[in-house]
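Colleague: Here is a sequence together with a model predicted from it:
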Amino acid sequence: MVLTEATGVLCVFVGGYALARPLSIRNYPSANQWESDPETAKQEQHAYAAMTAFFVILSGIALVILGLLGYGP
(Lines give C-alpha, C1' and ligand atoms only; values in the text may rest on other atoms or scores of the structure.)
Protein backbone atom coordinates (compact mmCIF):
# COMPACT_ATOMS: atom_id res chain seq x y z
CA MET A 1 0.00 0.00 0.00
CA VAL A 2 2.90 2.33 0.60
CA LEU A 3 4.03 1.83 -3.00
CA THR A 4 0.62 2.93 -4.29
CA GLU A 5 0.63 6.04 -2.11
CA ALA A 6 4.22 6.90 -3.01
CA THR A 7 3.40 6.57 -6.71
CA GLY A 8 0.39 8.83 -6.20
CA VAL A 9 2.47 11.48 -4.46
CA LEU A 10 5.04 11.28 -7.25
CA CYS A 11 2.27 11.80 -9.83
CA VAL A 12 1.04 14.86 -7.96
CA PHE A 13 4.57 16.32 -7.93
CA VAL A 14 5.02 15.63 -11.67
CA GLY A 15 1.70 17.31 -12.41
CA GLY A 16 2.68 20.29 -10.29
CA TYR A 17 5.94 20.56 -12.18
CA ALA A 18 4.04 20.53 -15.48
CA LEU A 19 1.85 23.37 -14.22
CA ALA A 20 4.78 25.38 -12.91
CA ARG A 21 6.96 24.95 -16.02
CA PRO A 22 4.69 24.24 -19.00
CA LEU A 23 7.41 24.85 -21.56
CA SER A 24 9.70 22.23 -19.98
CA ILE A 25 7.53 19.22 -20.73
CA ARG A 26 7.23 17.51 -24.12
CA ASN A 27 6.35 19.93 -26.91
CA TYR A 28 2.89 19.52 -28.37
CA PRO A 29 3.17 21.98 -31.31
CA SER A 30 5.52 21.02 -34.10
CA ALA A 31 8.81 22.76 -34.75
CA ASN A 32 7.37 24.36 -37.89
CA GLN A 33 4.56 25.88 -35.86
CA TRP A 34 7.04 27.26 -33.30
CA GLU A 35 8.93 28.95 -36.16
CA SER A 36 5.94 30.28 -38.08
CA ASP A 37 3.70 31.40 -35.20
CA PRO A 38 5.45 31.23 -31.82
CA GLU A 39 2.65 32.97 -29.87
CA THR A 40 -0.01 30.45 -30.92
CA ALA A 41 2.40 27.58 -30.33
CA LYS A 42 3.09 28.89 -26.83
CA GLN A 43 -0.63 29.09 -26.06
CA GLU A 44 -1.16 25.54 -27.34
CA GLN A 45 1.77 24.32 -25.25
CA HIS A 46 0.31 25.94 -22.12
CA ALA A 47 -3.07 24.31 -22.81
CA TYR A 48 -1.44 20.92 -23.42
CA ALA A 49 0.58 21.20 -20.21
CA ALA A 50 -2.51 22.18 -18.20
CA MET A 51 -4.51 19.22 -19.51
CA THR A 52 -1.66 16.82 -18.89
CA ALA A 53 -1.06 18.16 -15.39
CA PHE A 54 -4.76 17.96 -14.53
CA PHE A 55 -5.01 14.27 -15.43
CA VAL A 56 -1.69 13.35 -13.82
CA ILE A 57 -2.64 15.12 -10.57
CA LEU A 58 -6.10 13.54 -10.64
CA SER A 59 -4.54 10.10 -11.14
CA GLY A 60 -2.09 10.75 -8.31
CA ILE A 61 -4.86 11.72 -5.92
CA ALA A 62 -6.80 8.59 -6.90
CA LEU A 63 -3.73 6.43 -6.22
CA VAL A 64 -3.22 8.01 -2.81
CA ILE A 65 -6.87 7.41 -1.92
CA LEU A 66 -6.70 3.81 -3.13
CA GLY A 67 -3.56 3.27 -1.07
CA LEU A 68 -5.18 4.71 2.04
CA LEU A 69 -8.22 2.48 1.54
CA GLY A 70 -5.99 -0.59 1.42
CA TYR A 71 -5.97 -1.39 -2.29
CA GLY A 72 -2.82 -1.96 -4.28
CA PRO A 73 0.49 -3.68 -3.61
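Modeller: Thanks, I have it. Numbers count the residues shown, from 1 in each chain.

Colleague: Which stretches in the chain count as helices?
Modeller: Assigned by DSSP state H, the chain shows helices spanning 2-20, 31-36, 38-69.

Colleague: Format those as TSV; extra columns: mean pLDDT and mean neighbour count.
Modeller: Any C-beta I mention is one placed from the backbone N, CA and C, and that applies to glycine too. As requested, the helices of the chain are exported to TSV (pLDDT from 0 to 100; neighbours: other CB atoms under 10 Å):
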stretch	mean pLDDT	mean neighbour count
helix 2-20	94	16
helix 31-36	93	11
helix 38-69	95	15
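
Colleague: Name the nearest residue to V2, sequence neighbours excluded.
Modeller: Ranked by CB to CB, 6 or more residues apart in numbering and with sequence neighbours excluded, the top spatial neighbour of V2 is G67, at 7.2 Å.

Colleague: just checking, that neighbour touches M1?
Modeller: Yes. Contact status for G67 versus M1: in contact at 4.9 Å, counting by CB atoms under 8 Å.
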